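K.L.:
sharing a model that was predicted from the sequence below.
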Amino acid sequence: MSNRTIPLVDLSHYASGDSSNRTEFVKKLGDAFHNIGFVGVINHGVPQELIDDFYRAAKSFFALPNGLKNKYEIQGLAGQRGYTSFGKEHAKHSKVGDLKEFFQIGQEVEDGDAIKSEYPDNIMVDEVPEFGLLGRQLYSEFEKAGAILLRAIADHLGLRNDYFDSRIHNGNSILRAIHYPPITSEPASAIRAEMHEDINLITLLVGASAGGLQLLNKEGKWLDIVPQADEIVINVGDMLQRLTNDYLKSTTHRVVNPPREEWHMPRLSIPFFLHPRSDMDLTCLESCVDAENPLKYDPITAGEYLDERLREIGLKK
């Protein structure tokens, strides 16, 4: 497609292809993440019917009166479960809240892993019970696709193919339903989502109900990302950039406001932020440090880094 701004890869070529297909996929994915930080993925295995059903349930939740939604905003959880009201989150360099509200669904540990004690329970919505149920199913499907992508990334980095498997098992991943309401008056300065980078290892974003997603390229130009209907957009997060000593790029992106004649149109998007377990060591890989790319980061765990970033974006005090 001539109007694409990010490469497109077919995950089935890695998940069920022959060695030639897998090698080609790993190279295309690695090159995309090194040079751009974003890639589009088709044949990702996440059922379209499940995506559509969850979108409908999310729309039903966000259509509830604020008084009802607010009872699902639980103090002390830093927005990691349940509802976060409009304008509360901001980019780390900004003090102005983004023009959005969201709901987050997290990990549910079912195998007796002691890490269960680290995770709060998910919040079920009485008025839209299918919202949480469908969200858990979608969470599981994203975990599966994300794990396959991380195996390909491990191959690209010359690591054991299963390097990330134990590190993301029962990881602190988040499924977020984001609602950008219609814009009813001239915003003071905020846009729907100010320029930022994601915190996690990788993000899997399933199609939005309206445009607006842009990435900042190496030349400092903002480029529109317009995925096709069956495509998931994947981008590198800061944890993976840090682990690879900036070899893989956590690229700045944003969601801009629509043209004024489209202010009445809301926007809904569903990102899955794939996080590792909190004890994962994010110390830069030795293979990514050399004379041309000297060590850039001090050692830190994923949990420590997440805590630091949640404070920067205003979700944790």
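P.N.:
Cool, the structure landed. Residues are numbered from 1 along each chain as shown.
K.L.:
what about the worst-scoring helix or strand of the chain on mean pLDDT, distance to the chain center?
P.N.:
Evaluated with mean pLDDT, DSSP states H and E, the helix-and-strand set of the chain has its lowest mean pLDDT in strand 193-196, which scores a mean of 74. Relative to its parent chain, strand 193-196 has a centroid offset of 13 Å by C-alpha atoms, centre = their mean, to the nearest Å.
K.L.:
in its sheet, what does that strand sit against?
P.N.:
Based on DSSP bridges, the strands next to strand 193-196 in the sheet, each with its direction, are strand 253-255 (antiparallel).
K.L.:
show me what the helix or strand just after the strand it pairs with is packed up against.
P.N.:
For strand 253-255, the following helix or strand on the C-terminal side (DSSP states H and E) is strand 267-274. For strand 267-274, the contact count by 3 or more C-beta pairs under 8 Å, 6 or more residues apart in numbering; DSSP states H and E identifies helix 48-62, helix 129-156, strand 174-180, strand 202-206 as packing neighbours. Heads up, the C-betas are built off the backbone N, CA and C, glycines and all.
K.L.:
just the helices in the stretch 201-317 of the chain please.
P.N.:
Along the stretch 201-317 of the chain, counting by DSSP state H, counting those that start in this stretch, helices occupy 238-243, 302-312.
K.L.:
which ones are touching residue 21?
P.N.:
With contact set as C-beta atoms under 8 Å, 6 or more residues apart in numbering, residue 21 has these partners: 13-14.
K.L.:
point out where the stretch 1-150 of the chain drops to low pLDDT.
P.N.:
Within the stretch 1-150 of the chain, the segments meeting pLDDT under 70 span 1-2, 89-97.
K.L.:
show me where it has its helices.
P.N.:
Listed in chain order, the helices found in the stretch 1-150 of the chain under DSSP H, counting those that start in this stretch are 12-15, 19-35, 48-62, 66-70, 129-156.
K.L.:
closest one to residue 278 among the ones you listed?
P.N.:
Between residue 278 and the helices of the stretch 1-150 of the chain, the shortest gap by C-beta to C-beta is with helix 129-156, which sits at 16.5 Å.
K.L.:
elements contacting the helix or strand just after the closest one?
P.N.:
Proceeding C-terminally, helix 129-156 gives way to helix 165-168 as the next helix or strand, assigned by DSSP H and E. Taking 3+ C-beta pairs under 8 Å, 6+ apart as the contact definition, the neighbouring helices and strands of helix 165-168 are helix 129-156.
K.L.:
the helix it packs on vs helix 19-35, what angle?
P.N.:
Taking axes from the mean of the first three to the mean of the last three C-alpha atoms, to 10 degrees, one finds that helix 129-156 is oriented at 100 degrees with respect to helix 19-35.
K.L.:
what angle do helix 129-156 and helix 48-62 make?
P.N.:
Going by the same axes, to 10 degrees, helix 129-156 makes 130 degrees with helix 48-62.
K.L.:
helices or strands next to helix 129-156 in the packing?
P.N.:
With contacts defined as 3+ C-beta pairs under 8 Å, 6+ apart, the packing partners of helix 129-156 are helix 12-15, helix 19-35, helix 48-62, strand 101-106, helix 165-168, strand 174-180, strand 202-206, strand 267-274.
K.L.:
quick one, which of those is nearest to residue 138?
P.N.:
Smallest distance to residue 138 across these (C-beta to C-beta): 5.0 Å, for helix 48-62.
K.L.:
now do the contacts for the closest residue in space to residue 28 that isn't next to it in sequence.
P.N.:
Across the structure, with C-beta to C-beta, 6 or more residues apart in numbering as the measure, the residue nearest residue 28 apart from its sequence neighbours is residue 9 (5.2 Å). Contacts for residue 9 (C-beta under 8 Å, 6+ apart) come out as 25, 28-29, 32, 39-42.
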